[in-house]
Structure formats: C-alpha cells, structure tokens
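# Pasting a predicted model and its sequence here:
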Amino acid sequence: MSLPIQAVIFDFGGVIIAGGGNDAALGDPSTPFGRLEQAHGLPAGCLWKAHYQNPVWEALRVGDGTREEWLEHVTVTIAAASTSETAAAVMAALQEPRPAEFNAGMIDFIGELRGRVKVGLLSNAAPGLEDDLRSRYGVYDLFDDVINSATVRLAKPDPRIYQLAADRLGVRTDACFFTDDLPHNIEAARSVGMRAHQFDTCDGLRAALARAGFDLG
C-alpha cells in the first residue's frame, strides 16, 4: 500500500507555464511557438524540434555546452526549414520580453498546497533557470526545492533525477505525486514508485490528486 502523499512535484514548461512539450511539438497555435510558426509560415512543430530535439539541447540540459551554441544551432535549423531572414525574425521575436503565460489556476493551486505537503519543481532546462524563476517569473519561493537538470547534470527521464527530487524533499518516492506534460517523463516517474499524472489542466490535476487519495478539501 502506498504512503499518503507527502510531496507534489511539478514540471515547469507546459505545467506551470503554458506552451509546453506536447502542445508545442504539435504546433498548437495557442502556444508561443505555434503562433510564431503560423505568423512566419513555418511547418507545425518546427520550432519545438529546432529547440529541443537535437544533441546540442540534450547536452545543454545536463550542463554541457553553452546557451549561445544552442541558440546558434536553433537559428541554423530554422533557416534550413525556411530562410535566414525568417530565422532571424523568429529568434528576435523569441528574445523579446513578454509577460509570463501561466496555466490557469496553477499559481493559486501551488499556494494551496504549501504547508500541507512539500512542493517541488523538477525541470529539464538550460543553465539560468533558477534566476529566471526569481526575476522573470517571480515563483521561485513557491517551492520547497527546485531542481534544474542543467545544475544537477541529470535530466528527465533518467530515473536518478526523480530519486534526487524525493531525497531533497526528504520523502520516499512512493510518497510523491509528480505531474508533467510529457508521457515519457510520467512513465519514468512511475518506474521509481511515484504516483504521476500527465498534465492537461489544473482541474484535471486536482482530480488526479483526489483519485490518488489526497484530500483537497
């Protein structure tokens, strides 16, 4: 029998902020990538692939290489699917400051959980995520612990990063509930004993926690 849930661990992109893996990879026009693809006549899913489905990103997310090398690779990949002018315009648009697009209800929901369970963040990200969480998004202090893959040099779906997340929160893996928008990351969490839910909406997450026996009342 599983332990009561003592920790809830969140992915960041696609869970707390909008425009994560599944939707962006499919070219969903509600995502920032999807909107840019439509505006510049790029194939659906092109920008997700250029950013995250390549060896340069796979190295950077575990702390190898530089952000500049990665962005240069992204630019070249976009240009190969369009033109160098289009690639330059898209990259300029991506660098423009814009308000954070939080998924509906998520910030309030994390606030509800604080003090009732440990709350963790587990994200595959480039170096600097921690600073972004503080200065750009203003959410760093919502979490009891933050794990950036580039900082710990492990990335989802490596089972070791899930074990690390539980250890740093001081709980067993079978007392953790994990949510992510990518199915392979969910499968990996379950492989180490976590209960897990593929994120769709905040309401869907609430329902999944309730089914797992967590009293949200």
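Nice, thanks for sending it over. A quick note: this is a predicted structure, and the numbers were derived from the prediction, not measured.

# hang on, Phe214 in a strand?
No: counting by DSSP: H, G, I helix; E, B strand; the rest coil, Phe214 falls outside a strand, being coil.

# these two touch, right, it and Phe177?
Yes: with contact defined as CB atoms under 8 Å, Phe214 reaches Phe177; the gap is 7.0 Å. Yep, even glycine has a C-beta here, placed from its N, CA and C like the rest.

# quick one: which of those two has more around it?
Set Phe214 next to Phe177 and count neighbours by other CB atoms under 10 Å: Phe177 wins out with 24 against 18.

# Name the SS class of that one, please.
Going by three-state DSSP: Phe177 is strand.

# Give the full set of residues in contact with it.
Each residue near Phe177 by CB atoms under 8 Å, 6 or more residues apart in numbering is listed here: Ile5, Ala7, Val8, Ile9, Met194, Arg195, Ala196, His197, Leu209, Ala212, Phe214.

# Spell out the residue ranges of the helices in this structure.
21-25, 32-40, 46-52, 55-60, 67-81, 84-95, 106-113, 129-135, 149-152, 159-169, 183-191, 202-211 (DSSP state H).

# So which of those is nearest Val119?
The closest of these to Val119 is helix 106-113. By CB to CB, the value is 5.3 Å.

# Excluding sequence neighbours, find me the nearest residue to Asn185.
Leaving aside its chain neighbours, Asn185 sits nearest to Lys156 (4.6 Å; criterion: CB to CB, 6 or more residues apart in numbering).
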